[in-house]
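>>> Give me the fold of what follows.
(4 chains)
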Number of protein chains: 2
Amino acid sequence: MRTIGYHHGDLRRTVLDAAVDAIGASGLDGWSLRELARRAGVSHAAPAHHFGDKAGLLTALAAEGFDLLAETLRQAGTDFLEAGLAYVRFATEHPVHFGVMFQPKLYRADDDAVRQARDRAGALLAQGARAASPAGGEDTARAGWSIAHGFASLWLAGALTVEPGTDPVDAARPVLRRLLER
Amino acid sequence: MRTIGYHHGDLRRTVLDAAVDAIGASGLDGWSLRELARRAGVSHAAPAHHFGDKAGLLTALAAEGFDLLAETLRQAGTDFLEAGLAYVRFATEHPVHFGVMFQPKLYRADDDAVRQARDRAGALLAQGARAASPAGGEDTARAGWSIAHGFASLWLAGALTVEPGTDPVDAARPVLRRLLER
DNA sequence: CCCATGAACTTGTCAATGACTAGATCAGGA
DNA sequence: TCCTGATCTAGTCATTGACAAGTTCATGGG
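As a prediction, the model looks like this:
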């Protein structure tokens, strides 16, 4: 892969990674296409060729996020608790992707790549819910998704007070279990 | 209250309301201080006097949100299910406040007004958890908060497929109940 | 009655940004 | 060799956030 010269070589991926860095450091407002271009050593208009505009870049991020989530869920298998913990792991390991994915107004949610990846992840979630509780119905599936999504969101927002160094997945385990046991 | 002349009369509230409108319509990126100023009929720098900068305005929004949440929780009483439904009701009735509140990077989370309002709402949540499950412990409280927060977030993100016209609180009831019954 | 003081708002300005257009460079195939 | 499309550059414009300095207004002390 070339890194100098007229053609960058892999500008799309470079800019995408730089965006994750920048958003992770400064939040969803603290970044600009021009800053990413400077960081990649290309002209200020180069990113536009790959993503069109800011929303286009976030669209690509969301699609990648749903893909990563689907892959994480697939590896976790059909166990309800394991799937929930995998969900939390994905969110805490890819906080920027997670944050963008569930703010559809930031990107083009009807984009084909996004839609396909989202459906794939959704199917895995539904499959896990059915396997764990065959007679559970829609509400059981929603309860599982809600508690995992809620824990992950609160964790990322810093709303949960925990000892420093605590692993989010370890913290999530007893919480998610509350939905299964009594 | 005067609405014309050199002094607007209640510019702070007007701008805050306009911000909620704008963010609700176009998302967290689709607004500007200058647009709000134009909408309020004042100069482009007038909002800065009240909020300092963009983050200042969002800080005010977050503080107001935590206040509204605390009031909603207070009215709901100590019943676990009712508190959870009140949480969902708050989120769906004030989606912009809710969205800002749990993205601390967007505003100054260490602001005094925010901190006080946040602590007030947090105390009510903890109190509800203790009343419902005296021996439940931290994890039970977190499970309740997570499932309510998660359902609300997924609802606002449009991630849940429901019949048009469905009331979010009605949809949440059987879901939240899954945490209480088996 | 008058003025001092501070709050509320305006005007002017600047660098930075997103988006657009036109053009240059490059790679690969006919 | 030449052609075509993909990739990137250079230039431009309206808009924005932030800041500085000045103006208007309300209020209370003397």
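
>>> CA only for contacts and neighbour counts going forward, please
Will do.

>>> For residue A:142, give me its contacts.
Residue A:142 makes contact with B:151, B:175 under the criterion C-alpha atoms under 8 Å, 6 or more residues apart in numbering or on different chains.

>>> so which helix or strand takes in it?
Taking DSSP states H and E as the definition, residue A:142 sits inside helix A:138-156.

>>> Which residue ranges make up each domain of chain A?
Annotated domains of chain A cover A:1-52, A:54-177 [automatic domain parsing].

>>> Let me know which of those is the nearest to DNA strand C.
Taking C-alpha to the nearest atom of the strand, domain A:1-52 is the member of the domains of chain A nearest to DNA strand C, at 3.2 Å.

>>> Next, name the residue at the spatial heart of chain A.
Per C-alpha atoms, centre = their mean, the C-alpha nearest to the average position across chain A is that of residue A:98, at 2.9 Å.

>>> ok, for it, nearest residue in space, not its chain neighbours?
residue A:91 (5.5 Å; C-alpha to C-alpha, 6 or more residues apart in numbering or on different chains).

>>> what's the spacing between that neighbour and residue A:156?
8 Å (C-alpha to C-alpha, to the nearest Å).

>>> These two - which one has more neighbours?
Each of residue A:91 and residue A:156 has its neighbours counted (other C-alpha atoms under 10 Å in any protein chain shown); residue A:91 has more, 24 against 21.

>>> Need the residues that contact the host helix or strand of that one.
Per DSSP H and E: residue A:91 is located in helix A:80-93. The contact list for helix A:80-93 (C-alpha under 8 Å, 6+ apart) reads A:68-69, A:72-73, A:76-77, A:97-98, A:125, A:128-129, A:131-132, A:144-145, A:148-149, A:151-153, A:156, A:168-169, A:172-173, A:176-177.

>>> Also stretch A:166-173?
Residues outside stretch A:166-173 that contact it (C-alpha under 8 Å, 6+ apart): A:81, A:85, A:88-89, A:92, A:151, A:155.

>>> lowest average confidence, helix or strand, in chain A?
helix A:112-132 (a mean of 92; mean pLDDT, DSSP states H and E).

>>> in that one, what counts as buried?
Residues A:113-114, A:117-118, A:120-122, A:124-130, A:132 are the ones in helix A:112-132 that count as buried (16 or more other C-alpha atoms under 10 Å in any protein chain shown).

>>> tell me which parts of chain A are close to DNA strand D?
Residues of chain A lying near DNA strand D by C-alpha under 7 Å from any atom of the strand: A:6-12, A:41-46, A:49-50.

>>> ok, back up a step: any buried residues in the helix holding residue A:142, and which?
Using 16+ other C-alpha under 10 Å as the test for burial, helix A:138-156 gives A:139-156.

>>> if we can go back for a sec, neighbour-wise, which of the contacts of stretch A:166-173 leads?
residue A:151 (32 neighbours).

>>> Tabulate the CA atom coordinates of the longest helix belonging to chain A in CSV.
Using DSSP state H, we find that the single longest helix of chain A is helix A:54-76. Taking Å, rounded to 0.1, in the frame of the first residue of the first chain, the C-alpha atoms of helix A:54-76 are listed here in CSV:
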residue,chain,number,x,y,z
LYS,A,54,-20.2,14.7,6.7
ALA,A,55,-23.4,12.6,6.9
GLY,A,56,-21.9,10.3,4.3
LEU,A,57,-18.9,9.6,6.5
LEU,A,58,-21.2,8.9,9.5
THR,A,59,-23.3,6.7,7.3
ALA,A,60,-20.2,4.6,6.5
LEU,A,61,-19.4,4.5,10.3
ALA,A,62,-22.9,3.3,11.1
ALA,A,63,-22.8,0.6,8.5
GLU,A,64,-19.4,-0.6,9.8
GLY,A,65,-20.8,-0.5,13.3
PHE,A,66,-23.7,-2.7,12.5
ASP,A,67,-21.4,-5.1,10.7
LEU,A,68,-19.1,-5.3,13.8
LEU,A,69,-22.1,-5.8,16.0
ALA,A,70,-23.5,-8.6,13.9
GLU,A,71,-20.1,-10.3,13.9
THR,A,72,-19.8,-10.0,17.7
LEU,A,73,-23.3,-11.4,18.2
ARG,A,74,-22.6,-14.3,15.8
GLN,A,75,-19.5,-15.3,17.8
ALA,A,76,-21.5,-15.1,21.1
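
>>> quick one: average confidence on it?
Averaging pLDDT along helix A:54-76 yields 97.

>>> what about it and chain B, any contact?
No: for helix A:54-76, no contact with chain B is found by C-alpha under 8 Å from any C-alpha of the partner chain; the gap never falls below 10.0 Å.

>>> mind listing what's buried in that helix?
So helix A:54-76, judged by 16+ other C-alpha under 10 Å, has buried residues A:55-74, A:76.

>>> hmm, back to that, redo the domains of chain A as TSV? Include distance to DNA strand C.
TSV is the format used below for the domains of chain A (distance: least, C-alpha to the nearest atom of the strand, whole Å):
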stretch	distance to DNA strand C
domain A:1-52	3
domain A:54-177	4
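
>>> Out of these, name the one with the poorest average pLDDT.
Confidence, taken as mean pLDDT, is least for domain A:1-52 of the domains of chain A (a mean of 89).

>>> Distance from that one to the middle of the chain?
19 Å (C-alpha atoms, centre = their mean, to the nearest Å).

>>> hmm, it touching chain B?
Yes: using C-alpha under 8 Å from any C-alpha, we find that domain A:1-52 touches chain B at A:26-29.
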